[in-house]
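In: Structure of the sequence below:
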Amino acid sequence: RVDSTTQSGPEQLAAIFAARGMLRAAAFVTRLSTQEVLLKICKGSPEKMALVQSRMDTVASIWDFLFAPALRRSLDVLGRKKILVALPVTACFFRLWLGLKPSLTAFVPGRLLINLLFPAYLSAVEATFGDMFGRGTASFALWCSRLDAYANALGGLATYITGRARRPRASVIAAGCIYGLMGIITMALVKETLPTAKRSETKTIWEPPLRAAKLFNKSSDLRWLALLTVLERIPFYADVDAAFRRKIFGWGVKENSRLMLVDQVVGIAQPSIVMGLHENLGLEKSMRVAKVTQIMLEMSMVTARSDKVLLFQPLAWPFCRGQVALNRMLQRAAADVGAGPGELSAALVALSFPVRIVVPMLFASLFAWKPRAPCVVLAVIHLLTLLVQKYAFKRIKVARELEGGCAPVTRSTSAEASRALTAARVKTAVQELGAPTTATAWGPSVEGKATCRRGRVAELEASEATRLLACRSLPQLAGGAAKLGG
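Out: Prediction:
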């Protein structure tokens, strides 16, 4: 079911799925083939290619830091569709240019712009789903997971096909054509889901990058979620797995592509597993399961003596998707303070920037010292996150809201609230009948009137009880009923 106010439905979902699948396929084709094209541009020198890539990574980090928050904020000001169209059009142009006439002039600006637009595109898709299904809802998380699984499946197919292609330039041109088709589908079939009346009135999109992180000071929930986000991002940017597999077990492209293919096949079942954990365990326990599983995986890499252990790791990866629950809480907490998806995305970019700069260098140094040391450190970080989660979830209100629960109902508080509510409604009904409210003034005639109008009293009680039960917690219910009774 989708929100009818966005004028979108199954055809919108089909168009988004088609475009997102093409993006994944084109990205996998490009990742495997542009390395060969860049090596040819560098005249077959791996050292020169490594130098170009390292400089590009440095420039890309600064580029993203300066402009990514403003680009994400534009989602709330300009709408979602402009970003959804900008990526495929830009990528189509630069990939065709690179494939037809390879040069650094075609590679460098294309790399910078595509790397800047790619995360913004994913944020735009997420914001579109938030408009359609409600930000942070179970349906929102389910469809985001389904989209990722579908994209992974197409990415696996693209990996398999591209691995057998003999002409890297032809693969790059094919990726450009896929981007072009993706742009046509997006422009023709994807509708704007953010009405003009709901867009942000902010006139200035760009602001100092780190200022975007001030969003996390607007509520206690956001501050705790910011801490959990930083702890989740550390393992994400400490990406030494490929280097570990090569150093310890001598893995190359063939073995890594096999592991990637297993991951994508297992990823098809990921939405069912993730949402099953949310429904049966709740957000808090599902995040605990994710952390415990990640600790076990890191320790398996520390103690591994055979690379066969690594081939079984993708089977556990769907249970490590704690960030899905975290994202649901972030979306809801941001909505509670009036922040749009674009503003939240910009704040996350600013929050993650120091982690993105420091963590890769730190873990690269650890890996150079001892190859298994990063795995031990990551296991400790996961354990620390597990302890912080236990403390933080007692203070994060949106977690209880998303799990559909109020505070635990005890017999005494329930009975007290019920008595206060009944007394308040009877008193209100008697006042509507024009009768005195003191105990000594009750007479047969008034009692008879009250009996005849008991249907009206019951209706008032049901209406008020329904409104009060929509409160966020039972203490609010008891307090509201006591106030009415007073």
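
In: quick one: least confident helix or strand in the chain?
Out: Among the helices and strands of the chain, helix 444-452 carries the lowest confidence by mean pLDDT, DSSP states H and E, at a mean of 40.

In: Quick one: low-confidence residue ranges for the stretch 151-300 of the chain.
Out: Counting by pLDDT under 70, the stretch 151-300 of the chain contains low-confidence residues at 159-166, 201-204, 252-254.

In: Strands of that one, start to end?
Out: For the stretch 151-300 of the chain, no strands are identified by DSSP state E, counting those that start in this stretch.

In: what ranges do the helices span in it?
Out: 168-189, 220-237, 241-249, 253-267, 270-303 (DSSP state H, counting those that start in this stretch).

In: Distance to Pro195 and mean neighbour count added to those helices, as CSV?
Out: Just so you know, the C-beta spots here come from the backbone N, C-alpha and C atoms, and that holds for glycine as well. Listed next are the helices of the stretch 151-300 of the chain as CSV, based on distance: least, Cβ to Cβ, whole Å; neighbours: other Cβ atoms under 10 Å:
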stretch, distance to Pro195, mean neighbour count
helix 168-189, 19, 20
helix 220-237, 26, 19
helix 241-249, 43, 15
helix 253-267, 34, 16
helix 270-303, 29, 18
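
In: Between helix 168-189 and the strand or helix carrying Val125, find me the angle.
Out: Taking DSSP states H and E as the criterion, Val125 maps to helix 104-133. Per axes from the mean of the first three to the mean of the last three Cα atoms, to 10 degrees, the angle that helix 104-133 makes with helix 168-189 is 30 degrees.

In: Could you list the buried residues of helix 104-133?
Out: 106-107, 110-117, 119-133 (16 or more other Cβ atoms under 10 Å).

In: contacting residues for the nearest residue to Arg356 once chain neighbours are set aside?
Out: Using Cβ to Cβ, 6 or more residues apart in numbering and skipping the chain neighbours, the partner closest in space to Arg356 is Tyr237 (5.5 Å). Contact analysis of Tyr237 by Cβ atoms under 8 Å, 6 or more residues apart in numbering lists 352, 355-356, 359-360.

In: Kindly report the same for Trp97.
Out: Listed by Cβ under 8 Å, 6+ apart, the contact set of Trp97 reads 106, 110.

In: how about the helix or strand containing it as PDB, C-alpha atoms only?
Out: If you go by DSSP H and E, Trp97 is part of helix 81-100. Extracted in PDB, the C-alpha atoms of helix 81-100 (Å, rounded to 0.1, in the frame of the first residue of the first chain):
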ATOM      1  CA  LYS A  81      13.200  13.700  -9.200                       C
ATOM      2  CA  LYS A  82      15.900  16.200 -10.200                       C
ATOM      3  CA  ILE A  83      18.600  14.200  -8.400                       C
ATOM      4  CA  LEU A  84      17.100  10.900  -9.800                       C
ATOM      5  CA  VAL A  85      17.600  12.300 -13.300                       C
ATOM      6  CA  ALA A  86      20.900  14.100 -12.800                       C
ATOM      7  CA  LEU A  87      22.900  10.900 -12.000                       C
ATOM      8  CA  PRO A  88      22.000   8.800 -15.100                       C
ATOM      9  CA  VAL A  89      22.400  11.800 -17.500                       C
ATOM     10  CA  THR A  90      25.800  12.700 -16.100                       C
ATOM     11  CA  ALA A  91      27.100   9.100 -16.000                       C
ATOM     12  CA  CYS A  92      25.900   8.400 -19.500                       C
ATOM     13  CA  PHE A  93      27.800  11.400 -20.900                       C
ATOM     14  CA  PHE A  94      31.100  10.700 -19.100                       C
ATOM     15  CA  ARG A  95      31.000   6.900 -19.600                       C
ATOM     16  CA  LEU A  96      30.400   7.200 -23.300                       C
ATOM     17  CA  TRP A  97      33.200   9.800 -23.500                       C
ATOM     18  CA  LEU A  98      35.600   7.600 -21.600                       C
ATOM     19  CA  GLY A  99      34.800   4.500 -23.700                       C
ATOM     20  CA  LEU A 100      35.000   6.300 -27.100                       C
END
